[in-house]
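[1] My questions concern the predicted model and sequence given below.
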Amino acid sequence: MEQLHQPVMLAEVLNVLQPKDGESLLDLTAGFGGHARAILQATKAYKKSVLVDRDQMALDSLNDIKAQGATLMHADFLAAARELAQTKRRFDLILADLGVSSPQLDRGERGFSFMREGDLDMRMDQTQTLTAKTVVNTYSERDLANIFVKYGEVRSGMAIKIAREITHARPFSTTQELADLIKKHSPYSRHHPATQFFQALRIEVNDELGLLERMLPLLPDLLNPGGRLCIISFHSLEDRIVKTWLTDEANKGLESKLITNKKFLTAGVQELANNPRARSAKIRFAARA
Ligand SMILES: C[S@@+](CC[C@H](N)C(=O)[O-])C[C@H]1O[C@@H](n2cnc3c(N)ncnc32)[C@H](O)[C@@H]1O
């Protein structure tokens, strides 16, 4: 089968999770199943495993895993974690590989990429109503500037300038129209100037940081004693949330249900040369006491 999305730091994920025969998996961001297939090959516990994604396109690629007995959930990971916790489900292995997948970025019509012409969409879950078009065309200048600063880490002067230009020039309907406007009003930089603005819009549309912050505290109760969890983040805003949560858990001392680890892992040189997405990837991990 053609591999649409190359799983990031697969060897490190397997090393951290140490999947064993019969162990159950909760994959909170199953995507195209690269990590899940490798883990399930070791555990063979398809029937005890649950794979979550908020994107139906991703779930449609997991029919082979479903056919072996795994449960697929079309939900955001906060809703899924709440539902599983309510029914007192427990797992031996939990994985969250955050952010977007390559197919989401590569398909222009999904509207995530400033390098591909498409509708300004950016929804991971296409049944959701809020799109990037709504954000760009209806948010106030001030709200747009705040998003660019908070989620894109754009300098405040530049964020205000671009927010103003957007409100003067809107409505926008395509990724290219927006990328061109940002480029026209931004100084030259090493990256395309739209990179940070598109990241900010994507995070806002999908409430990526809010969901992550609220989902993490549910994880200890979803793990069996001795269970392991692994989280892969792709930018400092995500990583800060994961790191803060693990530090708070560590500070609880004996009260914590987790054995945390200050260490984090990054990709090795060989992977860095072959998979550009791995450049910013960071793995943090913990185990249930
Ligand atoms: C980086 S990809 C995962 C790739 C996967 N590990 C693989 O090897 O194919 C991230 C996936 O997580 C999904 N996702 C991101 N945030 C989510 C959330 N809050 N809830 C559920 N799924 C989410 C995206 O739709 C995307 O399919």
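    Structure received.
[2] tell me the domain boundaries of the protein?
    As assigned by automatic domain parsing, the chain contains the domains 10-103+210-288, 108-207.
[3] export those domains to JSON lines and tack on mean pLDDT?
    Output for these, formatted as JSON lines (pLDDT from 0 to 100):
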{"stretch": "domain 10-103+210-288", "mean pLDDT": "97"}
{"stretch": "domain 108-207", "mean pLDDT": "95"}
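[4] how about those in a markdown table, adding mean neighbour count and distance to the ligand?
    All C-beta spots, glycine's among them, are computed from the backbone N, C-alpha and C. What follows is those, written out as a markdown table (neighbours: other Cβ atoms under 10 Å; distance: least, Cβ to the nearest ligand atom, whole Å):
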| stretch | mean neighbour count | distance to the ligand |
| --- | --- | --- |
| domain 10-103+210-288 | 18 | 3 |
| domain 108-207 | 18 | 4 |
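[5] Torsion angles phi and psi at the closest residue to Ile259 other than its chain neighbours?
    Spatially, and ignoring its direct neighbours in sequence, Ile259 is nearest to Ala287 (4.7 Å; Cβ to Cβ, 6 or more residues apart in numbering). Torsion angles at Ala287 (phi, psi; degrees, to the nearest 10) stand at phi -130, psi 160.
[6] do Asp248 as well
    phi -60, psi -40.
[7] cool, Leu25 as well?
    Main-chain torsions, Leu25, degrees, to the nearest 10: phi -120, psi 140.
[8] who's in contact with it?
    Residues counted as contacts of Leu25 (Cβ atoms under 8 Å, 6 or more residues apart in numbering) are 19, 36, 39-40, 43, 45, 48-51, 91-95.
[9] for Leu10, what are its contacts?
    Gly34, His35, Ala38.
[10] What of Leu93?
    When contacts are counted by Cβ under 8 Å, 6+ apart, Leu93 touches Leu17, Pro19, Glu23, Ser24, Leu25, Leu26, Ile39, Thr43, Gly227, Arg228, Leu229, Cys230.
[11] Ramachandran coordinates for the closest residue to the third one other than its chain neighbours?
    Take Glu23 and drop its neighbours on the chain: the residue closest to it by Cβ to Cβ, 6+ apart is Asp92, 3.7 Å away. Asp92 adopts backbone torsions of phi -90, psi -30, taken as degrees, to the nearest 10.
[12] hang on, Asp92 packs against Gly227?
    Yes. Using Cβ atoms under 8 Å, Asp92 makes contact with Gly227 at a distance of 4.7 Å.
[13] quick one: terminal-to-terminal distance for stretch 175-193?
    13 Å (Cα to Cα, to the nearest Å).
[14] now stretch 143-162
    One end of stretch 143-162 to the other measures 12 Å (Cα to Cα).
[15] what about it, distance to the chain center?
    Put simply, stretch 143-162 sits 21 Å off its chain's centre (Cα atoms, centre = their mean, to the nearest Å).
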